[in-house]
Structure formats: structure tokens, C-alpha cells
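# Any chance you can model this:
(chains A and B)
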Amino acid sequence: NAGVTQTPKFRVLKTGQSMTLLCAQDMNHEYMYWYRQDPGMGLRLIHYSVGEGTTAKGEVPDGYNVSRLKKQNFLLGLESAAPSQTSVYFCASSDGLAGFANTGELFFGEGSRLTVL
Amino acid sequence: AQSVTQLGSHVSVSEGALVLLRCNYSSSVPPYLFWYVQYPNQGLQLLLKYTSAATLVKGINGFEAEFKKSETSFHLTKPSAHMSDAAEYFCAVSVGSGTYKYIFGTGTRLKVLA
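Now for the predicted structure:
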């Protein structure tokens, strides 16, 4: 039972390079999220998706792009990496909004540690 | 806009002592509240959640939290700390059923002393 899988787990980039982080979930969840975690700042939402073919901006979207071409996959792209994007990135998925019919629980991947030199 | 404040970025307790991690929220409408735990080099996993069914919520590993509307708080407690409880704990909020976003606090790192 894989849950949420992120690849790669580690990556080192030079300033200006591009890369894509892949998130895959096998729980048939509609909602998927990308967060970044930085010391003392908790988790900040970068982008999210409420279904296949949809994306929306979170708190800190600048410098990132996302795509959700398939329901099970959510890709996070950095077109021109900057040192400020050095962080641990977490993907999460959910069965729906917290409410009567849904648990609202977020399931997280193990994280992708990105260093930009 | 909703927000979450966790008081104390680091908390140390002795093994067997009470654990109290504080979380206050700001929301103009009834919130849904969550506590997540993160062990070293792992993702976050759900400890417990409040979705208005009961104000005292029990979670995994002996943790519980009480929703207090008058104090806008959702503090996490455990009567007796265990070494395996050492981790980082995050409080999170989502508002109503029309919000797709979960807002996280900055986290509290719990250290358990032998």
C-alpha cells in the first residue's frame, strides 16, 4: 500500500536550472497539494488541485508551476531555480474537504529535499 | 482569514510527565482542526482531528485535544510522555466545507528527556 510517493527524494541544482518533482497517489483522491517546509515557518502551501485538469495557487506560488494531467499525479516544476527555493517539499492528497461526508485527512509523502546552489 | 498559532517552537518534558502543546486558531466561522506529527525524515501523519462532533477528541498513541471555542484553542495533551513521542507536531485548520486549503502552524518540536 504505497499511499503518496514522491520522486526524487533528494536533488541538488544550480541556480537557473529547471526540474520537476513528481507526486503519485494510489488512493483515488481528488485533492492534491504541494507544500514547502522551512525551519521555523511550518508548511506553506505552494499550489493545489481539486481534481484532474485543475490547479490553483496557494500562499507561495511564485517561481513554481504545477500540472495535474492525470488524477493520480501532481507535478511541481521549477523553471529557473533560485537559492530561496532550497527547501523540503511535501506532496499531500485528501479524499475531500473536512466535513460531514469526508475525513478531510491529508496523506503526505515522505518529502523531497531540494538544494539550490 | 484563518490562521494558526503554536506557542513554543521547542518543548522539553521528562519521560512520564504530562505533554501539553498549545495551538490557538483564528477563524470567523467554525473551523475543522487537526494535529499532525512528523518523525525525523518522514512526512506528516494525522494524530487527531476535530470536526464538531465532540469537543474532546482522542487520537492515536494516547494523545487527545480539547476544542475550546471561548478560548479559540485546540491544545494537544498526553498524560505520560514516552521517548517515542519525540517528534515535531503541527496544528492545522481548514474552514467550513467550502475551503480546499489547510493552514498549518509553525510546529512545535517535542523533546523527551530520560
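# Could you pull up the residues touching B:Gly43?
Residues near B:Gly43 by C-beta atoms under 8 Å, 6 or more residues apart in numbering or on different chains: A:Val4, A:Phe90, A:Ala92, A:Phe108, A:Gly109, A:Glu110, A:Gly111. Just so you know, the C-beta spots here come from the backbone N, C-alpha and C atoms, and that holds for glycine as well.
# how about TSV for these, with secondary structure, neighbour count and pLDDT added?
Listed next are these as TSV, based on DSSP: H, G, I helix; E, B strand; the rest coil; neighbours: other C-beta atoms under 10 Å in any protein chain shown; pLDDT from 0 to 100:
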residue	secondary structure	neighbour count	pLDDT
A:Val4	strand	22	96
A:Phe90	strand	24	96
A:Ala92	strand	26	95
A:Phe108	strand	22	94
A:Gly109	coil	26	95
A:Glu110	coil	16	93
A:Gly111	coil	22	94
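# ok, these vs B:Val13, which is closest?
A:Phe108 (25.5 Å; C-beta to C-beta).
# and the closest one, how far is that from chain B?
Remark: distance between A:Phe108 and chain B (C-beta to the nearest C-beta, to the nearest Å) = 3 Å.
# Can you name the residues that contact that residue?
A:Val4, A:Phe90, A:Cys91, A:Ala92, B:Gly43, B:Leu44, B:Gln45.
# how much space is there between the third one and B:Tyr32?
Taking C-beta to C-beta, to the nearest Å as the criterion, A:Cys91 is separated from B:Tyr32 by 21 Å.
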